[in-house]
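J.: mind folding the following:
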Amino acid sequence: MTARSILLAASVVAAAALPAMAADNVVTIYSADGLHDGTPSWFGNEFDAFTKATGIKVQYVEGGSSGVVDRLAKEKSNTQADVLVTLPPFVQKAAADGLLQAYTPAGADKIDARDKDPKGFYVALVNNYPNFIYNASVLKTAPTAYSDLLDPKFKQKVQYSTPGQAGDGTALMLQAFHAFGGKDDGLAYLKKLQVNNLGPSASTGKLTALVNKGELYVANGDLQMNLAQQADNPNIKIFFPTGPDGKKTAFSLPYYIALVAGAPDSDNGKKLIDFLLTAEAQKDVSAVAQGLPVRTDIHPTDENFAKLHAIMEGVEIWSPDWTKVLTDLKQDIADYKQAVSGS
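T.: The predicted structure is shown next:
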């Protein structure tokens, strides 16, 4: 069993045991994977510091970006979580489905308006970008273009997390739509790529170890998570392929944090959200989590921050319309499934 599996198993066991714990000294967070990666991890450090400062224990449950929201929905009549951390468009879906309650965290005035929900249901926690990884011990150079991944040498050696289930997988689908100039051409590319795709994956994080071992040559990921994983996975490197126009493009894919509607320990949830958005916690986002802080008053100078900017050099940033993404998501996922199934 991997360290990630042990952590997840322990989290699930802990979550099952929630009723046995005193309500005044616990907070439960459901989170997409990524921020607990690495040794040390940003979540691990901040949870320890939070418990030391408040006496409140953190129950951590991890899953795919859609999976944690689906779990909230299933538990709506008996809510177990206090805090949600997930990626777009799943945080927008959680808000639309009434799974979140509005809350304005302390320090929210230090976060750009573009990183906050106008209705107050969620705010960005760590900024991030979707990317790809490859095994540098097998491939001497990164694939240059999306079209390179169609080469027969990649048969059963490419895998990406499933759109509609994982935030990074959904991001890959949206990125394909953008890179190829529209949904039809993006889906046509993913249909061709299916020949080399090993199969579906509900979570992105587990693909890293497979690439590191050479069982896969290429997988999708996101910048923060993959940089945090590199210490334990030395064969992986990050790349951004070019589209048919020869351009490398990406979009901001933040980890958002929100207070859960009907949270059993709502006050503790608010305290945890506030704590993770303090200047002290945000100062370590790049140094430890290898992500980008969301507070405008934090200006990191650490080596990781410089590395992040170097990796993003030459990558054009575009901005999805998340409201439209959410509106179209069900049909887009249906179209994606039809395209890759060949029917």
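J.: burial of the nearest residue to T278 once chain neighbours are set aside, as a residue count?
T.: Closest residue to T278 in three dimensions, ignoring its sequence neighbours and counting by CB to CB, 6 or more residues apart in numbering: G107, at 6.4 Å. Any C-beta I mention is one placed from the backbone N, CA and C, and that applies to glycine too. As a burial measure, G107 scores 19 neighbours (other CB atoms under 10 Å).
J.: what of Q101?
T.: 17.
J.: again, but for the one 10 residues further on
T.: Here the number of neighbours of I111 (other CB under 10 Å) works out to 20.
J.: ok, it to Y30 distance?
T.: 22 Å (CB to CB, to the nearest Å).
J.: surely the residue nearest to T278 and E280 touch.
T.: No: using CB atoms under 8 Å, G107 is not in contact with E280; the gap is 10.6 Å.
J.: any idea how far A228 lies from Y146?
T.: Counting by CB to CB - A228 and Y146 are separated by 25 Å.
J.: what does the pLDDT read for the residue nearest the centre of the chain?
T.: Residue closest to the average C-alpha location in the chain (CA atoms, centre = their mean): L87, at 5.2 Å. Looking at L87, its pLDDT reads 91.
J.: for the closest residue in space to it that isn't next to it in sequence, give me its contacts.
T.: Of all residues not flanking L87 in the chain, G167 sits nearest, at 3.0 Å (CB to CB, 6+ apart). Neighbouring residues of G167 by CB atoms under 8 Å, 6 or more residues apart in numbering: 32, 64-66, 86-88, 90, 204, 253.
J.: most neighbours out of these, which is it?
T.: That'd be S65 among these, by other CB under 10 Å, with 34 neighbours.
J.: ok, back up a step: tell me the contacts of the residue nearest to the centre of the chain?
T.: By CB under 8 Å, 6+ apart, the neighbours of L87 are 32, 65, 128, 167-168, 170-171, 253-256.
J.: strands of the stretch 101-250 of the chain, start to end?
T.: Assigned by DSSP state E, counting those that start in this stretch, the strands in the stretch 101-250 of the chain fall at 123-127, 130-135, 158-159, 218-222, 236-239, 248-251.
J.: what's the mean pLDDT across the fourth one?
T.: Think strand 218-222. Per-residue pLDDT over strand 218-222 has a mean of 96.
J.: who's in contact with it?
T.: 34, 128-135, 139, 143, 149, 154, 157-161, 168-169, 171-172, 204, 207-208, 210-211, 238, 253.
J.: picking that back up, look up how far P254 lies from the residue nearest to the centre of the chain.
T.: Applying CB to CB to L87 and P254 gives a distance of 7 Å.
J.: what touches both of the two?
T.: N128.
J.: go ahead and confirm H36 touches G63.
T.: No: counting by CB under 8 Å, G63 is not a contact partner of H36; they are 11.6 Å apart.
J.: okay, now the unreliable bits of the stretch 101-250 of the chain?
T.: Within the stretch 101-250 of the chain, not a single segment meets pLDDT under 70.
J.: so where do the helices sit in it?
T.: Under the criterion DSSP state H, counting those that start in this stretch, the stretch 101-250 of the chain carries helices at the ranges 167-179, 183-193, 207-213, 223-229.
J.: distance to Y336 added to these, as a markdown table?
T.: Listed next are those as a markdown table, based on distance: least, CB to CB, whole Å:
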| stretch | distance to Y336 |
| --- | --- |
| helix 167-179 | 6 |
| helix 183-193 | 6 |
| helix 207-213 | 18 |
| helix 223-229 | 22 |
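J.: contacts for the longest helix along the chain?
T.: If each helix of the chain is counted by residues according to DSSP state H, the longest one is helix 322-341. The contact list for helix 322-341 (CB under 8 Å, 6+ apart) reads 88-89, 92-93, 96, 163-164, 170, 173-174, 183, 187-188, 190-191, 194, 197.
J.: list only buried entries from those residues.
T.: Among those, the ones that count as buried by 16 or more other CB atoms under 10 Å are 88-89, 92-93, 163-164, 170, 173-174, 183, 187, 190, 197.
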